[in-house]
Every structure is written in C-alpha cells, then in structure tokens.
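Asks: Below are the sequence and a predicted model for it; my questions follow.
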Number of protein chains: 2
Amino acid sequence: MTTMSDRYQPPLSPTRPTMRHVAALAGVGIKTVSRVINDEAGVSEATRQKVLDAIAQLNYQLDVTAGSLRRAGRRTLSVGLLLPSVSNPFSAEIHRAMEDALGARGIAVFAASLDDDPKREQAIIAAFLGRRVDGLVLTPIAKNQAYMIPEHSRNLPMVFIDREPVGVEADAVVTDNAVGAGKAAAHLLMHGHTKLAYLGDRTDIQTARERRRGFLEEVGGAGIPTSALPVIDNLHDEEAARQAALELLSSEDPPTAIFSSQNLVTFGTMRALKELGLHKRVALVGFDDFTLADMMDPGVTVIAQHPERIGVKSAERLLARIDGDDQPPRTYIVPSELIQRGSGEIRPPA
Amino acid sequence: MTTMSDRYQPPLSPTRPTMRHVAALAGVGIKTVSRVINDEAGVSEATRQKVLDAIAQLNYQLDVTAGSLRRAGRRTLSVGLLLPSVSNPFSAEIHRAMEDALGARGIAVFAASLDDDPKREQAIIAAFLGRRVDGLVLTPIAKNQAYMIPEHSRNLPMVFIDREPVGVEADAVVTDNAVGAGKAAAHLLMHGHTKLAYLGDRTDIQTARERRRGFLEEVGGAGIPTSALPVIDNLHDEEAARQAALELLSSEDPPTAIFSSQNLVTFGTMRALKELGLHKRVALVGFDDFTLADMMDPGVTVIAQHPERIGVKSAERLLARIDGDDQPPRTYIVPSELIQRGSGEIRPPA
DNA sequence: GCTGGCCTCGACAACGATGTCATAACCGAG
DNA sequence: CTCGGTTATGACATCGTTGTCGAGGCCAGC
C-alpha cells in the first residue's frame, strides 16, 4: 500500500526551492512551471496537476522580485507611501485605507515617516525607487518636488495627498481646507461671535495657509474687520499652542471664540481653556476630528476630514495611473464636514 | 568657455539607466561601476571619479532588487511587519519605532493589517515571503504558526510581538500583561475596594487571557474570593463594552471599581459611567494608555504599555537575527507602568 | 500517406546586478 | 632585463524568473 510517507520528501534545505526544482520534480521544463503559476494558457490539465503537486510538495513559492526583472512593464507589485508619520492617526487612517485597496490587487505597501524633513523625503524616495516600486503616494514636505522630475518623466505613477505638488504635475487628493475653515468661521459667526481668534500651524505648510485663508476670508466676508483679529501662526506642538492660548485668553480683550487649525493646536487650546476655567464659556472649533472628542466636557466641535476617503481615492488614482491612465493630472477634493458637539455652539456672553 | 549646458545631456528616456549605461558613459566595465557603488576596494581614485560623474549625469540609481538576486545572503533590505491594524494607535507606535530603527540600516518596511483574520495572516505572510523579505515581525492571530515551519527551518528571522508564538520557536517581545493587570488590581485594592469587576477582550487572544489571569490572581491573593467577582469577557468593541458596563453597573450589587483590559473596552466603560453619572464615584483603571486620558473628567488611570520600546526591542532582535545571531529564541518582556490620573484613585463609598 | 494547422512544451536569452577569476599594467628586487 | 607580486580592471557566469521562438505530436482533410 502506498502511503504519503512513501512519496519523495525533499530534504529540508536551507535554500528556497526554485522553479528549476519544481520542474525537475514534476518532470517538465521550467517554462511550463511558469505557465502554470501564472495561469497562462497552453498547458494540459494532466501536466498542470503534476506541476501543482510538485509545488505543493516542495512548498514552492514564486519569487516576485526575480520575476519583475524580466516581466513586461517590470511591475514589482509594491508601492511606496510617504506620510508625515505612520503613527499620526490621520496618516494611519489613510495608510489603512490604501493598504486595503491596494492589497486587493496584490500590491504590497512600503510605508515611511517624513517628520517634516525634506532631506528625509528625498532619502526615502530614493530608497523606494531603488526597490523599483510601481508607484508613489506622498505628502510632500520639501518646498518643491522638482527633484522628482527624472522619475516623473519616466512616468512613475505618483499621487500627492493632503498637499499639492510644486514643481511637477501630478494627481493630488486633498481636503477642502479653505472651505472647511470657512465653515468653522461661519458656524461661529452664526452663533453670535464677533471676537474671533485663529491659532494655526507652521505657515510653511500649505494646508495651514489654506485654512487660515479660508477662515479669514469668511470672517472678512461677513463684514468683520480681520486686521484686529488675533492670528497666531507656527504653533507646531501642543505646548506651544497651550502657551499661545493662555496668553491670548489672558489678554485685555480676549476672544469669545477660537478656531484651531490642527489637532495638536486644538489639544493645547483645550488645556488652556480648562486651566482658566473657560472651557464652557469660550467657543472652540478645531480642524481635524479626534478620538473621544465627544467625551470631552464640552464635546469638541470639529471640522472633520475623511482620511479613509482620501486613502481610497489616492489608491484609486494610483492604480489608474499604474494601469496606464494618461489624462492630465488633476486635484481631487475630499470635502470636510462640520461635526457639532458643544464647544462650537457656545454663545458669546451677553 | 565651457558651460554646464555644453555637457552631454542624456536623452530623457522612458527607461531607467542601468549599470551598463553608466559603464558605457564612464568608459569602464560594469563591474567597476558596481565596485564604486558598493565602496569596494581596488578602484583608482581617477576611475572612481569618472564613474561617479557618469552616475550623477545619468541620474543612475542602483536596483536593489536585481542585486539581491545574486548578492551573497540574498538580502533584499526589506522586512515585513504584520500588525492588528496599521491604524490602531498602539500598533502605529510600534510601527514607527521599528521604521526608525530599521531605516537607519537602510531597511524598508512593508506593513500590513491583519484584522484578527488568520486567513489574512497567512496570505500576507505569503505575499511578503514572495517578495523575499529579510525578516518578519508579527502579531500572530492564527491559533498557531506551525504553517511557518518551512520558513522557520530556512532560518528566516522572525520576531513575534505582543503575543508569543505557538507551534514554532522564535523571539518574542511582549508587555508584562499579567503583572500589569496585577498592578491595576493591587492599586484598586489599596484604595479600599473589595467589590471589583473585570471587563475583558476576546479570550482567544493570548494577551487578554494573561491580563485576566494577572488581575484575578492578584485579587485572589489579597484574600478576596474571585468566584463572585464579575468577569465579562469577549468585549471586542466600544459598544459591546458600554452595554456590558451599563448592565453591570445597574445590577443589584454593582462593583465600586472596574478594570478594563483594553482601550476600546475602557472607552465603552467610560461612556457607561458617564451616562449613569457614576464617573466620579466608581473607580476605573484601564489597560493601555490613550491620547487625552488626562483631559477626561476625571483623568483616567491606566496601565500604560510602551509601544515604542516594544518596537525598538523587536527591531533590535530582528537585526540581530539577520546578522546571524543563533542563540536559542527568547521572550523579552517590556514592563508596563501604572499612571495615576484620578479615576483609579476614587475610593469606595463609606 | 502527406500536408498544414493547432496544441503542448522546452531551450535559450534576457532582465540588472554581483561573485569569480583571468589578465593587463606596473612596480621593485635580483 | 627578467621575474614575482601587487593592483586595477573587465569578461563571464549566475541569481530566479519570463518572453521568444522553434520543435514535436496529433489530427483532420485531401
């Protein structure tokens, strides 16, 4: 009687089996193995089975990287994703959405954090290109991306997220920053505020500038002079924002409503408000949603971005470019959404 | 006068330059180009310069994947990282720490999310192996990892994080779950509680079981019978936890202190406490720290894990294995830390 | 029985790099 | 001036795969 253990058992070798081994075991040529693996036509069912058996027996696995060397189009089935930081919740959501969309196509994602460092941006892009990624999705930091022109002209698929590219033309997927900030302003105005203040991030970040512009334009459009409106920029961490808010709120003529242009700035402002016991008296709208915002006291009203949608859209555009779409680059806008939770609906003192 | 524009400008071709192109332009053999790029000895300074010039002129970049085909050891300078989800803050912190540690060695990271799906675990591992990663760091989901034995016996460097492997022997880096949960219990006991409750995650997750064990052992060790202590398991999302907590707190003899074994469970419990107006009367200690925990009312006392340290340690172990360390596998423990913020220091009613 | 066409299948080159090894050039010693 | 040894360099095979192309087998049609 023939048992499993009678069958040829390959020695557990420290080297991975290759197509040659499979071919030898199945008694066919390596090209036939390749055909079976890639589901190409022109292999008889009997041969196919023999090959599949050999593959199973040897635990063979295709070497994608070796294949990409020869394959038409040189696809490596991997892409690079450059984010401010993989540990930033907003970025992480985008990452997740992209991973899902690309994973469905068998594409693996290299992820990396930029930390607002233009040198890192270039180094990481170089590292990814050296691994022959099929495309790049990135949040640019550097003042411009002209250094990518060689790749760009080689038609490397690229999608910029959150910020638009400078110096090269490529697809971009962004939040309607100015519109969203405008909505925040309108919301506060509608609740009767006239003494507003703006607390913002570094002005070398495009989105920060957009948010400021949108906010101020909306306020100005409502007939409120913006020249006297406190605008504090370049708050890049929680502590800086807290200090700025403390100072602002302790000033002679403090605002009755604050718009903070980014998560960490919102957190710092919340702390300052609480320290001064003003958290239920001064209105606050923050740009960007965050976990437990509804559990704060009061709940924090925000302009929520939709990172998953940004991720999905970016993946979609990247895949389209990889598949050869050569329409002129476009910027896709993902609308933001105002979520009322209490802090933004506080009215000014009578 | 010779200007830059007099220099030979390569036509912007749609194909990437290779070593052959560089060699041709520099008037040397491709092996010499390889030597220059890899900083091998035996190239005269004059030749080196010629090659470097040609590289700069053509904007040449080494193809790491092609090189790895032939290179000794076949290093691809990439590793795979499998996490519950790249968008989970705890995972994202680990990811970030690993990226930094590995990036310093020129190693790129493929990241993927498992979503507690054993099938996904296997599929992603296969995808990464097909890309010939130099190593794997993973949070296992599947009941056991015996399916990785072929890779394991080929000495593929592997490090398990957060949970220990079953079915294969490999390094692991974990939090002292039982000890941490014990600390939570001791803390609550010390504050005078005798009516405790445990709200936990799915029991098929090793860490959840460890935390439960640690908690109950500490309570039992203090002479309090654990048989009557409410233990509610398998709470895997915020809403389930909220419901469970509501029910528990509305029962005839409600606990005066609750230990929640995971972030989402903590959030659900917080909601329930707030809804019932008990947030300042019932003590709460949660396992795992979270953003703004100190901004809650009251601040939430937690057993904080140290994801950055876990990430750093995992990277260190992975690199050691890649570099040939063949000591017997070990489990490394990263201690947790109790952070007092108010909710855990609430005393039971007199 | 021969021809032509289809279907299977494998030999071989090539992808871009690196390891091996041979060779040319050069040097100082005898 | 020759010889042995060192240094610089390139030809070539090779890594694991896929594209090209030709060979052989089989069958229908004449």
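Replies: That came through fine. Treat the numbers as computed from the prediction; the structure is a model and nothing was measured. Residues are numbered from 1 along each chain as shown, chains lettered A, B, ... in the order given.

Asks: Tell me which residues of stretch A:137-151 come out buried.
Replies: A:Val137, A:Leu138, A:Thr139, A:Pro140, A:Ile141, A:Ala142, A:Gln145, A:Tyr147, A:Met148, A:Glu151 (16 or more other CB atoms under 10 Å in any protein chain shown). Where you see a C-beta, it was placed from the backbone N, CA and C, and this is true even at glycine.

Asks: Which ones among the residues you listed also lie next to DNA strand C?
Replies: On the criterion CB under 7 Å from any atom of the strand, none of the entries of the buried residues of stretch A:137-151 sits beside DNA strand C.

Asks: can you list those in a markdown table and add pLDDT, secondary structure and distance to DNA strand D?
Replies: Shown next, in a markdown table, are the buried residues of stretch A:137-151 (pLDDT from 0 to 100; DSSP: H, G, I helix; E, B strand; the rest coil; distance: CB to the nearest atom of the strand, whole Å):
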| residue | pLDDT | secondary structure | distance to DNA strand D |
| --- | --- | --- | --- |
| A:Val137 | 97 | strand | 26 |
| A:Leu138 | 94 | strand | 29 |
| A:Thr139 | 92 | coil | 34 |
| A:Pro140 | 86 | coil | 34 |
| A:Ile141 | 84 | coil | 36 |
| A:Ala142 | 81 | coil | 35 |
| A:Gln145 | 87 | coil | 32 |
| A:Tyr147 | 86 | helix | 30 |
| A:Met148 | 85 | helix | 28 |
| A:Glu151 | 82 | helix | 23 |
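
Asks: Can you tell me which of the residues you listed is closest to chain B?
Replies: A:Glu151 (8.9 Å; CB to the nearest CB).

Asks: how far away is that closest one from A:Val231?
Replies: Per CB to CB, to the nearest Å, A:Glu151 is found 38 Å from A:Val231.

Asks: Which pLDDT value goes with the residue nearest to A:Ile107 when sequence neighbours are not counted?
Replies: Distances taken as CB to CB, 6 or more residues apart in numbering or on different chains place A:Leu77 nearest to A:Ile107, at 5.2 Å, with adjacent residues excluded. A:Leu77 is assigned a predicted lDDT (pLDDT) of 96.

Asks: show me what contacts A:Leu77?
Replies: A:Val64, A:Ser68, A:Gly106, A:Ile107, A:Ala108, A:Asp134, B:Arg131 (CB atoms under 8 Å, 6 or more residues apart in numbering or on different chains).

Asks: Can you get me a residue count around the second one?
Replies: Burial of A:Ser68, expressed as a neighbour count using other CB atoms under 10 Å in any protein chain shown, amounts to 19.

Asks: now swap in the first one and tell me
Replies: Counted with other CB under 10 Å, the burial measure for A:Val64 works out to 21 neighbours.

Asks: residue contacts, it?
Replies: A:Thr76, A:Leu77, B:Gly130, B:Arg131, B:Arg132.

Asks: related to what we said a few turns ago, quick one: which of the contacts of A:Leu77 sit in helices?
Replies: Per DSSP state H, helices hold the following members of the contacts of A:Leu77: A:Val64, A:Ser68.

Asks: For ChimeraX, what selects the buried ones among the contacts of A:Leu77?
Replies: The ChimeraX command for the buried members of the contacts of A:Leu77 (criterion: 16+ other CB under 10 Å) is given here:
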select /A:64,68,107,108,134 /B:131
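
Asks: now, which of the contacts of A:Leu77 lie within strands?
Replies: Members of the contacts of A:Leu77 lying in strands (criterion: DSSP state E): A:Ala108.

Asks: between the contacts of A:Leu77, which is nearest A:Glu238?
Replies: For the contacts of A:Leu77, the minimum distance to A:Glu238 (CB to CB) is 34.6 Å, reached by A:Ala108.

Asks: surely the closest one meets A:Gly80?
Replies: No: look at A:Ala108 against A:Gly80 with CB atoms under 8 Å: they stay out of range, at 10.3 Å.

Asks: Out of the helices and strands in chain A, which is least certain?
Replies: helix A:149-153 (a mean of 82; mean pLDDT, DSSP states H and E).

Asks: and it, does that touch chain B?
Replies: Yes: applying CB under 8 Å from any CB of the partner chain, one finds helix A:149-153 touching chain B at A:Pro150, A:Ser153.

Asks: Would you check how far apart whichever residue of the stretch 151-300 of chain A sits closest to DNA strand C and B:Gly342 are?
Replies: With CB to the nearest atom of the strand as the measure, A:Arg154 is the residue of the stretch 151-300 of chain A nearest to DNA strand C, at 11.7 Å. In this view, A:Arg154 and B:Gly342 are 58 Å apart by CB to CB.

Asks: Torsion angles phi and psi at the residue of the stretch 151-300 of chain A closest to DNA strand C?
Replies: The phi and psi values for A:Arg154, taken as degrees, to the nearest 10, are phi -90, psi 10.

Asks: The host helix or strand of A:Tyr332 pairs with which strands?
Replies: Per DSSP states H and E, A:Tyr332 falls inside strand A:331-334. Looking at strand A:331-334 with DSSP bridges, its partner strands are strand A:171-175 (parallel).

Asks: Need the residues that contact the strand it pairs with.
Replies: Against strand A:171-175 from outside (CB under 8 Å, 6+ apart): A:158-165, A:207, A:305-306, A:310, A:313-314, A:317, A:321, A:329-336.

Asks: For it, C-alpha coordinates in PDB please.
Replies: C-alpha atoms of strand A:171-175 as PDB (Å, rounded to 0.1, in the frame of the first residue of the first chain):
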ATOM      1  CA  ASP A 171      -2.600  63.900  -9.300                       C
ATOM      2  CA  ALA A 172      -3.400  65.200  -5.800                       C
ATOM      3  CA  VAL A 173      -6.100  64.300  -3.300                       C
ATOM      4  CA  VAL A 174      -6.700  67.000  -0.700                       C
ATOM      5  CA  THR A 175      -9.300  68.100   1.800                       C
END
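
Asks: Outside of the following helix or strand past that strand itself, list whatever touches it.
Replies: Where DSSP H and E defines the elements, the next helix or strand beyond strand A:171-175 is helix A:177-190. Residues from elsewhere that reach helix A:177-190, judged by CB under 8 Å, 6+ apart: A:196, A:207, A:210-219, A:222, A:224, A:257, A:259, A:261, A:283, A:285, A:287, A:301, A:303, A:305, A:335-336, A:338, A:340, A:344.
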